[in-house]
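>>> no sequence on this one, just coordinates:
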Ligand code: HEM
């Protein structure tokens, strides 16, 4: 570690900082899902899903739609937890079997999340605007493609490629979480929903809905390139981007806890 140059240390430090902030924010997301949807579902209070603002949520008489919605939201907590577990190096080293099983669980549930999400949006018709529906449908397609590639490389034992596609899958699966954090970060910084509409069709909404997965994927590519590169300039630039991303993520997580999740618990 001491042989690392300053830009290398900065890159490592900034990536650990971002991941730590994101991990805390995702754990809070999991906690919210269990405390809000988990408790209501376990006690049979399905109509209570709508105690928070939703597009559809529980619809009386729509049994299939309600079951798909319940499976989708409850498994969101499992996929988020398994995704986080995959990225903790100590878990990977100490319990490789756990890493393999949580990895398989993550991949299978990620497929289910994408397919059930598409079903909710297209068949049940749960979307706010066409542009936001298109954005999340592209997110779903990316999840399906990335899972297939990560899986294929793992089976063929091409572990470096597997790792890269698995990281991309993590970013795409986290798109829904990034969207909430991005919306709340923007609202907190601007002290209001600047450029946003109720239908999620304002200019900021469009940037955030597509950016919720495209920006994290771009930052991931930058990080991978900086790690491979000998350029101290690229490493320093990427460390700065990651530090700014950590700050924005922290603001967004704070906003999500204060305004999106906390008030409904
Ligand atoms: C893979 C990661 C995903 C996670 C972690 C996730 C998580 C969630 C959560 C927590 C909810 C409950 C809404 C809330 O409390 O705000 C939800 C609802 C929903 N999700 Fe997902 N989701 C994912 C992917 C998708 C995808 C890819 C689509 C669409 C293609 C989608 C479409 C929907 C729809 C339509 C609802 C219902 C919203 C409503 O009735 O108001 N989800 N999702």
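Structure received. Not measured: the values here are computed from a predicted model. Numbers count the residues shown, from 1 in each chain.

>>> Whatever helix or strand residue 83 lives in - contacts with which helices or strands?
Secondary structure from DSSP states H and E places residue 83 in helix 63-86. Packed against helix 63-86 by the contact rule (3 or more C-beta pairs under 8 Å, 6 or more residues apart in numbering; DSSP states H and E) you find helix 6-33, helix 96-118, helix 159-173. From N, CA and C alone the C-beta is placed, and that goes for glycine too.

>>> quick one, phi psi at the residue minimising distance to the centre of the chain?
The residue lying closest to the centre of the chain (C-alpha atoms, centre = their mean) is residue 174, at 1.2 Å. The phi/psi pair for residue 174 (degrees, to the nearest 10) reads phi -80, psi 0.

>>> Quick check: it touching residue 219?
No: Residue 174 is beyond contact range of residue 219, at 11.9 Å (criterion: C-beta atoms under 8 Å).

>>> Give me the pLDDT value at the closest residue to the ligand within the stretch 151-265 of the chain.
Nearest residue of the stretch 151-265 of the chain to the ligand (C-beta to the nearest ligand atom) works out as residue 176 at 3.9 Å. On the pLDDT scale, residue 176 is placed at 98.

>>> Show the contacting residues for it.
Taking C-beta atoms under 8 Å, 6 or more residues apart in numbering, we find residue 176 in contact with 76, 136, 139, 212.

>>> got the residues you listed as TSV, with secondary structure columns?
Below are the contacts of residue 176 laid out as TSV (DSSP: H, G, I helix; E, B strand; the rest coil):
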residue	secondary structure
76	helix
136	helix
139	helix
212	helix
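
>>> If we check the ligand, which of the residues you listed are in contact?
Filtering the contacts of residue 176 for proximity to the ligand by C-beta under 6 Å from any ligand atom leaves 76, 136, 139.

>>> Buried ones from these, can you make that a ChimeraX selection?
In ChimeraX syntax, the buried subset of those is picked out as below (16 or more other C-beta atoms under 10 Å):
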select :76,136,139
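
>>> So what's the residue count around the residue of the chain found nearest the ligand?
Closest residue of the chain to the ligand, C-beta to the nearest ligand atom: residue 117 (2.2 Å). Using other C-beta atoms under 10 Å, residue 117 is surrounded by 20 other residues.

>>> Adding pLDDT, write the contacts of residue 176 out as CSV.
Shown next, in CSV, are the contacts of residue 176 (pLDDT from 0 to 100):
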residue, pLDDT
76, 98
136, 97
139, 98
212, 98
